[in-house]
Structure formats: C-alpha cells, structure tokens
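Chemist: Compute the structure for the input listed below.
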Amino acid sequence: MNDPYIVSTVPVPSDSTPPVDDYDDVDISNVVPLAAPPSTDDPEAPYGRTKSGRIRKRPVGSARRGASGPRGGNEVLARQAASLLAQANGLITTGLFLTGFPRTASAIAERNEPFEAQVTAALIADPALCRTILRAGGTSAKLSLLVAYGMLAGSVAPVALEEYRDMRSRRADEEE
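Modeler: Numbers count the residues shown, from 1 in each chain. Purely as a prediction, here's the structure:
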C-alpha cells in the first residue's frame with residue numbers, strides 16, 4: 001500500500017468475532033438520567049415544556065438570533081463610522097461637482113482625509129454615537145455600493161464629457 005496515512009496493517013482473522021459484554025447482572029432501577037428529552041407527545045407543546053411547565057417556543061439549544069448591530073471596540077467603531085462619514089462626503093463632493101461647484105467640491109475632497117482623522121478622534125469617546133452612525137448609514141451593502149458608484153461616476157464623468165466634446169469637435173472639423 002502506498003497510502004501515507006496508514007503506518008502499518010495487521011491482518012484480522014475472518015473467523016474472529018468481537019467479545020460481547022453482558023450487562024444483565026447490572027441493576028439500573030435507581031439510576032436517574034442526566035437530562036430527559038422534551039416530551040413531544042403534547043400537540044400544544046411540540047418542543048416540550050420548561051421545568052416550570054410553560055410551553056417551549058423553540059427547540060432546546062437554539063437561541064433567538066436578532067439582527068446584531070455594529071460590534072467592536074471603541075477605536076474600531078470610531079474608524080468605521082468616520083470612514084462612512086468620509087464616504088458620504090465623497091458623495092456630496094460628487095454631487096457638488098456635477099451641479100457646477102467644482103472648487104467647492106475640490107475643497108471638500110482636499111479636506112476629507114483630515115476630516116476623517118478628526119472625526120475618528122472625536123468618536124472614540126462615544127461608541128453609542130458610532131453605532132448610531134453605522135446603523136443609519138451603513139446597515140446595508142447596497143448603500144455602500146451606491147456611494148462607491150456615485151464617487152466613481154462623479155470622478156469619471158468630467159473626463160468622459162471632455163473626451164466626448166473633443167471627439168465631436170474633431171468630427172465637425174473633418175466634415176468641413
């Protein structure tokens with residue numbers, strides 16, 4: 001055999017049978033089981049009853065799992081919340097640029113990184129506020145994806161518009 005996991009093999013005789021232990025002489029009348037399975041005979045209580053007699057609403061061992069909010073230490077939460085706010089600033093910058101305020105947009109974009117650092121430092125002391133910001137703005141990946149695409153479109157749109165104008169003017173020059 002070339003199997004690297006088998007170190008050695010011992011032949012087993014074909015006529016051998018494993019020994020059987022008889023426990024007929026053991027008295028189990030006073031033995032109490034460690035845990036009794038829940039009674040499923042009761043149609044009103046499909047998961048059994050509690051020790052106090054109330055009906056179980058879910059199987060034993062299963063826990064109710066609600067939507068958990070953002071978790072982490074103060075620094076982690078502060079960085080996540082500040083990053084989310086910086087992304088929102090990026091979306092605002094894109095909107096300003098597209099509506100004709102390019103200098104305002106570039107001023108916000110220049111100050112976005114220091115803003116994120118200042119917000120992180122401010123939010124470290126208040127994890128509840130961090131959780132509120134994260135729940136309000138980052139509860140779904142769809143919102144983050146929308147922000148990312150908005151920022152991409154805002155930064156690419158002016159370049160595409162300029163190329164389109166150049167191409168249109170070249171075609172107009174060729175036709176003349």
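Chemist: Correct me if wrong: residue 97 contacts residue 156.
Modeler: No: with contact defined as C-beta atoms under 8 Å, residue 97 does not count as touching residue 156 (11.2 Å). For every residue, glycine as well, the C-beta is placed using N, CA and C.
Chemist: neighbour count winner among those two?
Modeler: Shown here are residue 97 and residue 156; by other C-beta atoms under 10 Å, residue 97 has more neighbours (20 against 10).
Chemist: Which elements pack onto the longest helix along the chain?
Modeler: Of all segments of type helix in the chain, defined using DSSP state H, the longest is helix 141-175. The helices and strands touching helix 141-175, judged by 3 or more C-beta pairs under 8 Å, 6 or more residues apart in numbering; DSSP states H and E, are helix 74-98.
Chemist: Recalculate using a threshold of 10 Å.
Modeler: Secondary-structure packing of helix 141-175 (3 or more C-beta pairs under 10 Å, 6 or more residues apart in numbering; DSSP states H and E): helix 74-98, helix 102-123, helix 127-138.
Chemist: could these be laid out in CSV, adding distance to residue 166 and mean pLDDT?
Modeler: Putting those into CSV (distance: least, C-beta to C-beta, whole Å; pLDDT from 0 to 100) gives the following:
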stretch, distance to residue 166, mean pLDDT
helix 74-98, 20, 84
helix 102-123, 19, 91
helix 127-138, 38, 82
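Chemist: Point out the most buried one among those helices.
Modeler: Sort the helices and strands packed on helix 141-175 by mean neighbour count, taking mean count of other C-beta atoms under 10 Å, and helix 74-98 sits at the top with a mean of 19.
Chemist: can you give me the angle that one makes with helix 127-138?
Modeler: Relative orientation of helix 74-98 versus helix 127-138 (axes from the mean of the first three to the mean of the last three C-alpha atoms, to 10 degrees): 40 degrees.
Chemist: Dihedrals phi and psi, residue 49?
Modeler: phi -120, psi 160 (degrees, to the nearest 10).
Chemist: That one contacts residue 55, correct?
Modeler: Yes: the pair residue 49 and residue 55 qualifies as a contact (C-beta atoms under 10 Å) at a distance of 5.9 Å.
Chemist: Find residues that contact each of the two.
Modeler: Both residue 49 and residue 55 are contacted by residue 42, under the criterion C-beta atoms under 10 Å, 6 or more residues apart in numbering.
Chemist: List the residues that contact the nearest residue to residue 123 once chain neighbours are set aside.
Modeler: Distances taken as C-beta to C-beta, 6 or more residues apart in numbering put residue 78 closest to residue 123, at 3.9 Å, once the chain neighbours are dropped. Counting by C-beta under 10 Å, 6+ apart, residue 78 makes contact with 72, 119-127, 129-130, 133.
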